[in-house]
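structure, please.
(4 chains, ligands or ions: 4)
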Amino acid sequence: MAKKKQPPAPDISSVDVEQWLHMYEQMVKIRVFEEHVNDLYRSAKMPGLAHLYIGEEAIAVGVCEALNRDDYITSTHRGHGHCLAKGAEVDRMFAELLGKADGYCRGKGGSMHIADPDSGNLGANAIVGGSAGIATGAAMSIKKRNTGQVAVCFFGEGALGQGLLYEVMNMAELWKLPVIYVCENNLYNEYTHYSESTAGDFMARAQAFGINCVEVDGQDIREVYSVAQQVIERARRGDGPTFMLCHTYRFHGHHVGDVNRSYYRSKEEEDDWKTNRDPLKTLSEWLIGQKMAERQLFDTIEADARSEIEKAVEYALNAPYPDVSEVEKHVYVE
Amino acid sequence: MAKKKQPPAPDISSVDVEQWLHMYEQMVKIRVFEEHVNDLYRSAKMPGLAHLYIGEEAIAVGVCEALNRDDYITSTHRGHGHCLAKGAEVDRMFAELLGKADGYCRGKGGSMHIADPDSGNLGANAIVGGSAGIATGAAMSIKKRNTGQVAVCFFGEGALGQGLLYEVMNMAELWKLPVIYVCENNLYNEYTHYSESTAGDFMARAQAFGINCVEVDGQDIREVYSVAQQVIERARRGDGPTFMLCHTYRFHGHHVGDVNRSYYRSKEEEDDWKTNRDPLKTLSEWLIGQKMAERQLFDTIEADARSEIEKAVEYALNAPYPDVSEVEKHVYVE
Amino acid sequence: MSTSNSSGERIITFGEAVREALAEELRRDETVFMIGEDIAEAGTAFKVLTGLVDEFGPERIMDSPISEAGITGIGVGAAMTGMRPVVDIMFGDFITLTMDQMVNQAAKIHYMSGGKFKVPMVLRTTLGATRRSAAQHSQSLHAWFSHVPGLKVVVPSTPYDAKGLMKAAIRDDNPVAFFEDKMMYQTKGHVPEEEYVIPLGVADIKREGTDITLVATSSMVYVALDAAEMLDEIGISAEVVDPRTTFPLDKQTIIESAKKTSRAIVIDEGYERYGVTAEIASVIADGAFYYLDAPVKRMGAMDVPIPFSPVLEDLTVPTPQSVTDMAKMLTGVV
Amino acid sequence: MSTSNSSGERIITFGEAVREALAEELRRDETVFMIGEDIAEAGTAFKVLTGLVDEFGPERIMDSPISEAGITGIGVGAAMTGMRPVVDIMFGDFITLTMDQMVNQAAKIHYMSGGKFKVPMVLRTTLGATRRSAAQHSQSLHAWFSHVPGLKVVVPSTPYDAKGLMKAAIRDDNPVAFFEDKMMYQTKGHVPEEEYVIPLGVADIKREGTDITLVATSSMVYVALDAAEMLDEIGISAEVVDPRTTFPLDKQTIIESAKKTSRAIVIDEGYERYGVTAEIASVIADGAFYYLDAPVKRMGAMDVPIPFSPVLEDLTVPTPQSVTDMAKMLTGVV
Ligand SMILES: Cc1ncc(C[n+]2csc(CCOP(=O)(O)OP(=O)(O)O)c2C)c(N)n1
Ligand SMILES: Cc1ncc(C[n+]2csc(CCOP(=O)(O)OP(=O)(O)O)c2C)c(N)n1
Ligand SMILES: [Mg+2]
Ligand SMILES: [Mg+2]
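Residues are numbered from 1 along each chain as shown, chains lettered A, B, ... in the order given. Ligands and ions are numbered 1, 2, ... in the order given. As a prediction, this is how the structure comes out:
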């Protein structure tokens, strides 16, 4: 799919180096977090499976950087990046992934259901496309309560197969709801290339409803952030929803257990993205080239992230499981 | 919605007067049939409700005229016109509407579920948009069996609210299935104007999937027929699905009981359509203007239709109800 | 259109009672709003909501596209973020389209989030046959929601109950499905002027008796009461217990009654097999085991798609006569 | 990967048995085809279909977009027009998205058309928890389909049964839902080389006994068999009855067993309330009323959304120990 020249070249001149470095930190945090998730799986310390966000970090971070803490997001099965970018703490994230009582959902949700009202995270969702209604409803609630918030709905391009998305995009535009549909096109629905599952044009699917549409290089956080900022402000102003198509790639398998991938995508393709379109590298190289930062700084940032995350893993591994009485709690609000 | 100049001016020169008159007969048959349905309701002789097709006749007849008997259609709650146009007999239609054993479905389906394998009618459907999957599946079956048939899916513009439609349009285009989605935009979803329920552009909703799209004046059977023929041939050739948007109007209420309509549409609007855009009048006036037929002929056609239909009503009123043992029959194929 | 009976009590219809409950809650709590198809000017297909839009405006009584999944999802998101939506699904048969949003989302969010989010929404819909509406507009599918932890299910039988239970449902912090028998909208009953709320989960003994317990839901309560009258004439004293909610289910009241009478029939308009009657019958058979003089009998809708033909449709639903016959058999009066 | 046991019988896994059944039917009947997400090259998420696409090609083993409603609808239409589709729904939790097409369409078409159309399709999906997949990937929702007239429902427990029942399901002229416990794919058992078909609706006594009947479905059969071993050690002889299909339900075999043993427990992995255990328990309580020495007990999944944390999840499912405890209580052995 050829990239269209939709959004005007983003204006990033107002972003200072502190902010870029903060975004880099966030991306590194996600990257290192996910590496540890993978390790936990491989060492059989984590129950179940997990879907890693590595390679796609610029999208979650770039979009969430443009949000306020009380803005809402909804997320997906591949949700760790969104949760962290929106402000979740790594220790309680790991605790959740390990089914511990201190996890964000008291261990009851796990990898695919992390939710956190404090950071505006309405929840990851294990139903592909399943959160499109929730995000749109949150946007309706915002409008009714007149709070000036926005809601962001993250989803993979596979969700374009779900009818629900079209139902709610129609209503979002009809009622000019402050919701941003962020489509992360990482080329694959599980093990199937999107071209085998998706006819026609991605952008046109939202344009058909009259929705504002923008397309960005999801590997370049400068573009993601500045475009996100524009469309989020537009939504806040009351001008309605945006569909934001982000081109990206997951560097790992569909989930941690998806190791032999050659039957659906080539090693060359993977290497090409990892080498030439790594969102972390893209940002750090640019900052270095712009003389806004020195290479060594990025090593420090990464080292800091590693030590924070190692501590968090340690904490989570040692944390207690929920008491068995928890199993029947929270079925209903009393 | 402004009419687009999509399809090339249809070529109708090859249609001879016999065929036009046949189409006229079909339209009159539907018109008179529906008038009698209304009477049956008002005289409390028909159980339940019915949704009249009066005003929209040119669409069903124009499309079905371009189909072979073994081609498939699926229909809607407003389905009598489609069934008749595809070849159903009036007597067994009335029998079905009255719940009689000789009805097309042994009285078990009623107005909203008439189905008839003999004429390729896969069934009316009381779930808005509910037959989109069936029609698309029939088209897949055609392709697999390699029979050269086509499947036509009739639906009202209200069905654009149903996610299923988008799911199957995507697959129809992906796999180039021989299916025509005929959207009858009669301006209202029950008592709500489509502009209050439908954001953006109708045609764009199918174009987004790469589907061939055409738009016609649904009150002019010349246009409906010739465009239908083109897109049906295209589907038969294996070139894939078409979305055919037909602009039309229902002259009566949403259903037979919807008599006081002023709260959602004006008498003037109704009168305008009835006076200036009656599909029967449009065709007959044109044929007279072209000197292809004389006015009196149309009176004769109508009189013949009336007497056939009166006989059919009589027959159906006197026909026996199904035996009570029928209630537990046909739940499963034995 | 309220009247009063001889003892000066105010008498209104079931439909009016539902409308009153909604109006009072809309007035009391500005976070309450309604969304559904043709609910505003049209006041729903059954005209139950007539007038609400005049008082509360189109922002709180929102007409939606024909998108059952979409509006349910929007309800979930709005409920999670501070609103109390009442989602109107025109016919109970269409809950098929809401199952993912109700079951995988609404029902589980409180639990999956470890108690952090709640979903205070009401899904209001219908049940019941014998309206000559055929197989896709006549089902009573409340057993499905009753099966799902996280949901509550209300099946009111009288105007009094409908009003008090609807108010409780709206105030409940959990997702509640509220099923109204569409044949009961004109049923009249006493409803006081003063405000009251009926807690969910408390059965009501609609008639006291000593020889047999008839547990009946929704409109089947009237069938049971009529049967009780017929039984009275032959000296059998029937107690009629109305659970009012299938979840929470007031097992104690039901079991106590069965223990007292030592015989029970469970009557519900859903399909008999794997339906509501199975649950309640097995609750009784277990809880009153040592008191029962005869097996607990179940009378649900016949296990067939609802036929259109009146002569067949009427056979599918329990009647006072069929309940009387069953009771006579159980009590050994032949 | 078939092996053979000491008596020379061929031993294969449950997954292999399902694949064999599908392969044999695909070979036997060219109208059979499969459609689903990632079923071709990926061979499904559980790798059950690995290799089928190599033999039968992508026209018969079709990868689809992530459109559960759409592919089910397409299945219905294809089935009505001469094909025998097997629609693959990756997780049983996603049948929420297929309910309208399965229940309002597939289940009713034969009846609504007065017996004229039939829908010979299979919906193949999964059930079962304890895989650490959390609330949206662990449900056993077969009770819903079992409730619906027009559908058949298969819940096989052994490789032998799975193969024979799958072949019967594909050859059946009705829509059949086929639920495979995802924890059983590696379970091994004897499957002969020779072709065989097991009729739907015939229960199988998996173990004979005299003191108590354990009616168990799907993987709960193993739980019941293990419990039976434990009970044997303390002198209680348990009979294990596997209905194999919840509809048609072999009431006679179940009731006969309960009459013989005079005690029964029903074990199923669906939510307990309003679930499969309710139906079967009430069938026994009614049919064996005069033979029972104790109330029929039900053991389903705990009525909670399935929690992620292993320490909680394992509490939600019946175990050999919990079944043994219940049996001891019923037989008065404490
Ligand atoms: C409704 C539904 N269908 C199928 C699945 C199984 N599934 C989980 S992830 C996935 C692929 C999703 O692809 P995409 O949306 O592109 O997200 P990505 O994994 O690429 O981030 C599928 C089919 C599901 N979780 N929900
Ligand atoms: C899924 C579903 N939702 C709602 C309805 C109730 N309903 C019946 S007809 C109708 C309006 C349909 O409008 P449209 O599709 O434009 O068809 P028209 O009646 O105008 O021919 C509605 C909402 C239904 N039958 N099915
Ligand atoms: Mg993807
Ligand atoms: Mg319309």
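
how close does the residue nearest to residue C:192 when sequence neighbours are not counted get to chain B?
Nearest in space to residue C:192, with sequence neighbours left out and distances taken as CB to CB, 6 or more residues apart in numbering or on different chains, is residue C:10 at 6.5 Å. The C-beta positions use only the backbone N, C-alpha and C, and glycine is treated the same way. As for residue C:10, its distance to chain B is 29 Å (criterion: CB to the nearest CB, to the nearest Å).

just the pLDDT for residue C:10.
In this model, residue C:10 is scored at 97, pLDDT.

so how many other residues sit close to it?
14 (other CB atoms under 10 Å in any protein chain shown).

my read: it touches residue C:190, true?
Yes - contact status for residue C:10 versus residue C:190: in contact at 6.8 Å, counting by CB atoms under 8 Å.

look at residue A:210 and give its secondary structure.
The local conformation at residue A:210, judged by DSSP: H, G, I helix; E, B strand; the rest coil, is coil.

now the helix or strand where residue C:165 lies, how far from the chain's geometric center?
Element membership for residue C:165 (DSSP states H and E) is helix C:159-171. In this view, helix C:159-171 has its centroid 11 Å away from the chain centroid, taken as CA atoms, centre = their mean, to the nearest Å.

that helix: which residues count as buried?
Within helix C:159-171, the residues that qualify as buried are C:159-171, counting by 16 or more other CB atoms under 10 Å in any protein chain shown.

and that helix, is it in reach of chain A?
No - judged by CB under 8 Å from any CB of the partner chain, helix C:159-171 and chain A are separated, with a smallest distance of 11.4 Å.

just checking: what are the partner strands of the helix or strand following that helix?
Using DSSP H and E, the helix or strand that follows helix C:159-171 in sequence is strand C:176-181. Using DSSP bridges, strand C:176-181 pairs in its sheet with strand C:122-127 (parallel), strand C:152-154 (parallel).

mean neighbour count and mean pLDDT added to those strands, as a markdown table?
Output for the strands paired with strand C:176-181, formatted as a markdown table (neighbours: other CB atoms under 10 Å in any protein chain shown; pLDDT from 0 to 100):
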| stretch | mean neighbour count | mean pLDDT |
| --- | --- | --- |
| strand C:122-127 | 28 | 98 |
| strand C:152-154 | 27 | 99 |
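
neighbours of residue 233, how many?
No chain was given, so I picked chain A. 12.

ah, no, chain C please
8.

show the pLDDT at it.
Residue C:233 is assigned a pLDDT of 97 by the prediction.

contacts only, for it.
Contacts for residue C:233 (CB atoms under 8 Å, 6 or more residues apart in numbering or on different chains) come out as none.

one step back: can you list the strands paired with strand C:176-181 in TSV and add distance to ligand 2?
Below are the strands paired with strand C:176-181 laid out as TSV (distance: least, CB to the nearest ligand atom, whole Å):
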stretch	distance to ligand 2
strand C:122-127	11
strand C:152-154	21
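
okay if I get those as a markdown table plus distance to residue A:31?
Shown next, in a markdown table, are the strands paired with strand C:176-181 (distance: least, CB to CB, whole Å):
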| stretch | distance to residue A:31 |
| --- | --- |
| strand C:122-127 | 42 |
| strand C:152-154 | 44 |
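
how deep is residue A:28 tucked in, by neighbour count?
22.

surely residue A:323 meets residue A:101?
Yes - counting by CB under 8 Å, residue A:323 touches residue A:101, with 7.2 Å between them.

tell me which of these two has more neighbours.
residue A:101 (19 against 12).

now the residue in the stretch 151-300 of chain C that chain A sits nearest to: how far from residue C:36?
Per CB to the nearest CB, residue C:173 is where the stretch 151-300 of chain C lies closest to chain A, at 3.8 Å. Residue C:173 sits 22 Å away from residue C:36, taking CB to CB, to the nearest Å as the criterion.

need the contact list for the spatially most central residue of chain C.
In chain C, the centroid-proximal residue (CA atoms, centre = their mean) is residue C:155; its distance is 1.3 Å. Shown in contact with residue C:155 (CB under 8 Å, 6+ apart): C:127, C:142, C:179, C:217, C:218, C:243, C:244, C:245, C:246.

redo the residues you listed as JSON lines? Include secondary structure.
Converted to JSON lines, the contacts of residue C:155 look like this (three-state DSSP):
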{"residue": "C:127", "secondary structure": "strand"}
{"residue": "C:142", "secondary structure": "helix"}
{"residue": "C:179", "secondary structure": "strand"}
{"residue": "C:217", "secondary structure": "coil"}
{"residue": "C:218", "secondary structure": "coil"}
{"residue": "C:243", "secondary structure": "coil"}
{"residue": "C:244", "secondary structure": "coil"}
{"residue": "C:245", "secondary structure": "strand"}
{"residue": "C:246", "secondary structure": "strand"}
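
now render these as TSV, adding distance to residue B:166.
Formatted as TSV, the contacts of residue C:155 follow (distance: CB to CB, whole Å):
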residue	distance to residue B:166
C:127	30
C:142	30
C:179	30
C:217	37
C:218	36
C:243	41
C:244	40
C:245	37
C:246	35
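
among those, which one sits closest to chain B?
residue C:127 (16.1 Å).

in what helix or strand does the residue in chain A positioned nearest to chain C lie?
Per CB to the nearest CB, residue A:133 is where chain A lies closest to chain C, at 1.5 Å. Per DSSP H and E: residue A:133 is located in helix A:132-145.

for that helix, packing partners?
Packing contacts for helix A:132-145, counted by 3 or more CB pairs under 8 Å, 6 or more residues apart in numbering or on different chains; DSSP states H and E, involve strand A:72-74, strand A:151-156, helix A:163-174, strand A:179-185, helix C:68-80.

quick one on the thing from earlier: excluding sequence neighbours, find me the nearest residue to the residue of chain A closest to chain C.
Closest to residue A:133 by CB to CB, 6+ apart is residue C:73, at 1.5 Å.

quickly note the distance from that neighbour to residue A:164.
6 Å.

overlap in contacts, the two.
Here residue C:73 and residue A:164 have A:132, A:133, C:101 as joint contacts, going by CB under 8 Å, 6+ apart.

dump the residue contacts of the last one.
Applying CB under 8 Å, 6+ apart, one finds that residue C:101 lies in contact with A:130, A:133, A:164, C:69, C:72, C:73, C:75, C:76.

need the contact list for residue A:186.
A:55, A:56, A:156, A:157, A:248, A:249, A:250.

tally of neighbours for the fourth one?
It refers to residue A:157. By other CB under 10 Å, the residues close to residue A:157 number 22.

I'd say it and residue A:182 touch.
No - taking contacts as CB under 8 Å, residue A:157 lies outside contact range of residue A:182: 11.0 Å.

where does the stretch 201-334 of chain C dip in pLDDT?
C:334 (pLDDT under 70).

hmm, 90 instead?
C:333-334 (pLDDT under 90).

how about residue C:110, phi and psi?
phi -60, psi -40 (degrees, to the nearest 10).

tally up the residues packed near it, please.
26.

surely it and residue C:149 touch.
No - using CB under 8 Å, residue C:110 is not in contact with residue C:149; the gap is 10.4 Å.

which neighbours do these two share?
residue A:331.

follow-up on the earlier one: list the buried residues of the helix holding residue A:133.
A:132-144.

can you check stretch A:42-58 too?
For stretch A:42-58, burial by neighbour count (16+ other CB under 10 Å) applies to A:46-58.

and for stretch C:228-245?
C:228, C:230, C:231, C:236, C:238, C:239, C:240, C:241, C:242, C:243, C:244, C:245.

which members of those occur in strands, if any?
Members of those lying in strands (criterion: DSSP state E): C:238, C:239, C:240, C:241, C:242, C:245.
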